[in-house]
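Peer 1: Sequence and predicted structure below; questions after.
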Amino acid sequence: METRPKHKWGMIVDLDRCTGCEACVVACHAENNIATVGEEEAAKGRAKHWMRVERYYEGEFPDVKVKFVPVFCQQCDAAPCEPVCPTYASYHTEEGLNGQVYNRCIGTRYCANACPYTVRFFNFFNPIWEKPFHLQLNPDVSVREVGVMEKCTFCVQRIKAAEIQAQAEKRDLKDGEFQTACAQACPAKALVFGDLNDPESEVSRLTASNRGTKLLEDLGTLPSVTYLQRDSWHDGKKS
Amino acid sequence: MERRDFLKISAVTGATAALDGCGKPDVQLIRFIPEEELTPGVAVWKPSICTMCPAGCGLMVRVMEGDAEVVRNGTLGLMKMGLAKKLEGNPHHPVNRGKLCPRGQAGIQVTYHPDRIKNPLKRAGPRGSGGFQEIGWEEALEELTAKLTQLRSSGQESGLAFMTKPLRGQRRELIERLLRAFGAPPPVVFEPFDEAVLRHANLLSFGRPQLPTFDLARSNYVISFGADFLGAWNSPVAQNLAYGEMRQGRPGQRGKFVMVEPRMSQTGANADEWIPTRPGTEGVLALGLAHVIINEKLRPPDAAGHAGSLIDGWSKGLIEYTPAVVEKQTGVPAATITRIARELAEHEPAVAIVGGAPLAQTNGLASALAVNALNALLGSVAKAGGIIFSPPSTPGKDVTTVVREPRAGFESLHHTLARQKSGEASAFQVLLLYECNPLFATPPGWSVKEALQRIPFIASFGSFVDETSALADLILPDHSPLESWLDDEAESGTPHGVNSLAAPAMRPLHNTRPMPDVLLDVASRLGGSVAAALPFKTFEEMLRGAFEHFLKGKGGKPVMDPDTFWKEVQEQGGLWSDTEISFHGLGGIDHAPVQPGEPGFDGAPEEFPFHFHPFPSASFYDGSTAHLPWLQEMPDPLSTAMWSSWVEINPKTAERLGIQQGDQVEVASQHGKLQAPALISPGIAPDVVAMPAGQGHENFTRYASGRGANPISILAPMIVPETGSLAWAATRVRITRLGEGKLVLFAGGLREQIHEHKHR
């Protein structure tokens, strides 16, 4: 018997609100036990930022324009990372997330090669928390060891906690009741998280915006993240 | 791994490390009886206050049970205790409304930092050698008390100096009362990116010696002259929130944002229109805009009222500031000036913001007054969508006593230094240091190190050994903010009067004591008038007394039970007034009319062809957060650099000088030189080179020491004459390629410049 999953989690990134401040980047480190790697490893491209803010320059001085684009796992419906995994460590959850089972991962890194968004990060060595930094670790999130791939989970620990709480109280989840760490921190409210199966949710409302696009849409990955394009000056009116 | 196993392992490894540390492997780590009851796995949320910058955002701290090695009564042991796990914005706080910036998010690393000072320290070896030995609190307190008693018995009470970061609330009250009762001068307030110029300008223009608040959410047009208001300036979280609303928070309406600056900041990167100007001519541009508005009769000159009267030639319509003349001075095309002036006048409410580099020029005060006058002309002062001032946090209290004296910052530092250099008789004998690092953040020409070296006794309350506290004879380590009682009165960022309050979110990890409690202890040991001025056993008691002021109704009777009230204030994270925007006190102070005039620069253009533009870093602010690894590894928003310093150079300039991305370059002024890798950036004028502040620490924990270069170390001792502030944007430099360098950039796969990844 097949039933439609109750939730379909999605995100909005409003590029007209995003100011590139990077609060989301640090919030993600704090929430998800992402270890820093230090200067030498960072120089080899091994810094782990599940959330990053891309920066694009256009034009030459003095006519320079910049675009900030926060990029993280797009939780694709047709995710290129999933079919390539020989151990089913990358799999599709009922609620539409691209799950990553750390205990199944044997570190082939096929998924990272397949991902067009470069949002998967490999643990080239065991993470280090100089004592007593380890006391800050979030007990709701497992720490990853050497040889394991990791990536944005849409803060699945927060999703699960809220679902369990709502179930215990015999009620439905309310829109905005919980957020991912990045969306909660975002000072300009550029990031909005919510349930795309709930037509009343803010994320559903914003996904329908005429500014909405998907990242690398042509690839057919069917991302759960919608980017609202930057607007421009039309004498005080929205486009 | 199961959470249970994970905790077990961390407990075991924790014990091993502690044993190594003690050097007594035969002693087992004692397990202490928990001091609080917590349900494993269940989070408790406690309000606190962010202290990472002066904005004063409210926090909610997620506290969960864990095993920590702690010191109790001088013994190291293992304790099950509530540990801070994550910081979020307090959704009810009127400044940040549930949001937090990257520095705020990283604030939790201060508490758990491995290089925190864990016990009182006494200098061992020559001063500045970095040698310290651990001592007990009783010995430390006795030593400090003895030094102060000695001053008092020899009639040298004025030989005591207290140097601190800007303080508000009861910490400030406590320190001032102590110094007054002792007979010492008021505290020396030190702030690297000093806001005295803007406060002084706002006092003259509007009668408010205060940083402004911007109601951007309701603005239709925003022009910023150098203020990085979405990055690290003023109240960035409040400003980001309001900015987001200005862009996409209103149906059908979207405000425009214009940025004026010679080097594109993170804020400027968001502008609809980015306008580079010659450094120091921002005030001229503001007056050029005002000229067009007045000349085209879009507003009458007297609309600017008192703020306009402070500008020379205002009432006659600023006839010298025609677009053609302003183009010559600023480099901004006349047609652009005319168009923007019209847009400003036609899109009410429009607001102008000034901050950062324009105010760090020798003509900074006049530039600030020019922008203030432009705001007044546009009718944007104390108006929805315009510039407002947060009301006094304490009802009935005169705002000028709540807000810092605008001239207190650098001028008091100059005064202190002069006094120290002038000779034995009047010099300081004892210096107390709290949360400031003038050795790192002053130009070499001020000789701060030499002046401090001459003070016979220095005690620091620092949590970390930095450049300045390395000179200390005694270190009395403070609790971390999350372990402390805190209060704060936000200066800006909100239309409400705010008194934030926070009880400790967690118990202390180390053998530290809160600075205010140490001062109260010392006061009581000193006895006499000092003890009488501070009759509190703890800082908590003092705070509670201060907040009881708010409990009094009309007739002086408490409106509710004091215990309930105190509990409720703590649960909410403070008290805030209901009233929106208060317009009281807007008036201004008479002053001879000014003009921006020519900015002065150190260094001849022939020998030093580039303007040097240091800027507060997104990660490290003024350098005080460079010790946090999350911020070191956070890619800079524009350069994407991690763990480094860099020098931003225009592509054409770089080509002319044969400099490539990542090459090591030398930047030299008349006052010093430094080395850093080059970053070729299209967002910088060809005659400007820029560098982030914050790196280049000689001594600031394992993560920041010896990393990168400090732009302040080559600045000329130029000042803004009216306030004595450091004119940190008034130095000229030359640059030379030295060879290949190393620039660590973060590059994801979508980035257009894949080669940025290259590590050289």
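Peer 2: Good, I have the coordinates. Computed from a predicted structure; not experimentally measured.
Peer 1: Quick one: residues contacting residue 236.
Peer 2: No chain in the question, so chain A it is. B:220, B:221, B:253, B:254, B:255, B:256, B:347 (CB atoms under 8 Å, 6 or more residues apart in numbering or on different chains). Quick note: C-beta positions are derived from backbone N, CA and C, even for glycine.
Peer 1: The chain in question should be chain B.
Peer 2: Residue B:236 neighbours (CB under 8 Å, 6+ apart): A:21, A:187, B:53, B:55, B:101, B:229, B:230.
Peer 1: would you list the contacts of residue A:236 in a markdown table and tack on distance to residue B:209, neighbour count and pLDDT?
Peer 2: Shown next, in a markdown table, are the contacts of residue A:236 (distance: CB to CB, whole Å; neighbours: other CB atoms under 10 Å in any protein chain shown; pLDDT from 0 to 100):
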| residue | distance to residue B:209 | neighbour count | pLDDT |
| --- | --- | --- | --- |
| B:220 | 29 | 20 | 98 |
| B:221 | 27 | 26 | 98 |
| B:253 | 34 | 14 | 95 |
| B:254 | 34 | 22 | 97 |
| B:255 | 29 | 26 | 97 |
| B:256 | 31 | 24 | 98 |
| B:347 | 30 | 18 | 97 |
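Peer 1: Please list which of the residues you listed are also close to chain A.
Peer 2: Residues of these in contact with chain A (CB under 8 Å from any CB of the partner chain): B:220, B:221, B:253, B:254, B:255, B:256, B:347.
Peer 1: For the third one, give the beta-bridge partners.
Peer 2: Beta-bridge pairing of residue B:253, defined through DSSP bridges, involves residue A:237, residue B:250.
Peer 1: who's in contact with it?
Peer 2: Here residue B:253 is in contact with A:236, A:237, A:238, B:220 (CB under 8 Å, 6+ apart).
Peer 1: out of those residues, what pair is the most spread apart?
Peer 2: Greatest spatial distance among the contacts of residue B:253 (CB to CB): A:238 and B:220, at 12.2 Å.
Peer 1: ok, back up a step: restricted to helices, list the contacts of residue B:236.
Peer 2: Counting by DSSP state H, no part of the contacts of residue B:236 is found in helices.
Peer 1: Just the closest of those residues to residue B:264, please.
Peer 2: Nearest to residue B:264 among those, counting by CB to CB, is residue B:230 at 12.3 Å.
Peer 1: and that closest one, what does it touch?
Peer 2: Counting by CB under 8 Å, 6+ apart, residue B:230 has contacts A:19, A:20, A:21, A:188, B:236, B:239, B:240, B:243, B:266, B:267, B:270.
Peer 1: Now it: phi and psi?
Peer 2: phi -100, psi 0 (degrees, to the nearest 10).
Peer 1: Check residue A:89 too.
Peer 2: Note on residue A:89: its backbone torsions stand at phi -70, psi -40 [degrees, to the nearest 10].
Peer 1: just residue B:224 next, same as before
Peer 2: For residue B:224, the backbone dihedrals (degrees, to the nearest 10) come out as phi -110, psi 130.
Peer 1: likewise residue B:365?
Peer 2: Residue torsions, per degrees, to the nearest 10, at residue B:365 are phi -60, psi -40.
Peer 1: Please identify the nearest residue in space to it, excluding sequence neighbours.
Peer 2: Excluding the flanking residues, the one nearest residue B:365 by CB to CB, 6 or more residues apart in numbering or on different chains is residue B:722, at 4.6 Å.
Peer 1: same thing with residue A:147?
Peer 2: residue A:107 (4.0 Å).
Peer 1: do the same with residue A:179
Peer 2: Nearest residue to residue A:179, sequence neighbours excluded (CB to CB, 6+ apart): residue A:193, at 5.0 Å.
Peer 1: Excluding covalently adjacent residues, which one is nearest to residue 137?
Peer 2: If you meant another chain, say so; for now it's chain A. Nearest to residue A:137 is residue A:33, by CB to CB, 6+ apart, at 5.2 Å.
Peer 1: switch to chain B, that's the one I care about
Peer 2: In space, and not counting its chain neighbours, residue B:137 is closest to residue B:120: 5.7 Å by CB to CB, 6+ apart.
Peer 1: Run a quick neighbour tally on that neighbour.
Peer 2: The number of residues packed near residue B:120 is 26, by other CB atoms under 10 Å in any protein chain shown.
Peer 1: which residues does it contact?
Peer 2: B:134, B:135, B:136, B:137, B:139, B:140, B:474, B:475, B:476, B:477, B:511 are the contacts of residue B:120 under CB under 8 Å, 6+ apart.
Peer 1: Throw the residues you listed into JSON lines and include pLDDT, secondary structure and neighbour count, thanks.
Peer 2: Shown next, in JSON lines, are those (pLDDT from 0 to 100; DSSP: H, G, I helix; E, B strand; the rest coil; neighbours: other CB atoms under 10 Å in any protein chain shown):
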{"residue": "B:134", "pLDDT": "96", "secondary structure": "strand", "neighbour count": "14"}
{"residue": "B:135", "pLDDT": "97", "secondary structure": "coil", "neighbour count": "17"}
{"residue": "B:136", "pLDDT": "96", "secondary structure": "coil", "neighbour count": "12"}
{"residue": "B:137", "pLDDT": "97", "secondary structure": "helix", "neighbour count": "17"}
{"residue": "B:139", "pLDDT": "98", "secondary structure": "helix", "neighbour count": "12"}
{"residue": "B:140", "pLDDT": "98", "secondary structure": "helix", "neighbour count": "22"}
{"residue": "B:474", "pLDDT": "98", "secondary structure": "strand", "neighbour count": "22"}
{"residue": "B:475", "pLDDT": "98", "secondary structure": "strand", "neighbour count": "27"}
{"residue": "B:476", "pLDDT": "98", "secondary structure": "coil", "neighbour count": "24"}
{"residue": "B:477", "pLDDT": "98", "secondary structure": "coil", "neighbour count": "26"}
{"residue": "B:511", "pLDDT": "95", "secondary structure": "coil", "neighbour count": "20"}
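Peer 1: Out of those, which is nearest to residue A:212?
Peer 2: Nearest to residue A:212 out of those is residue B:477 (CB to CB; 52.2 Å).
Peer 1: what about the closest residue to that closest one other than its chain neighbours, which SS state?
Peer 2: Distances taken as CB to CB, 6+ apart place residue B:117 nearest to residue B:477, at 4.0 Å, with adjacent residues excluded. Secondary structure, DSSP: H, G, I helix; E, B strand; the rest coil: residue B:117 is coil.
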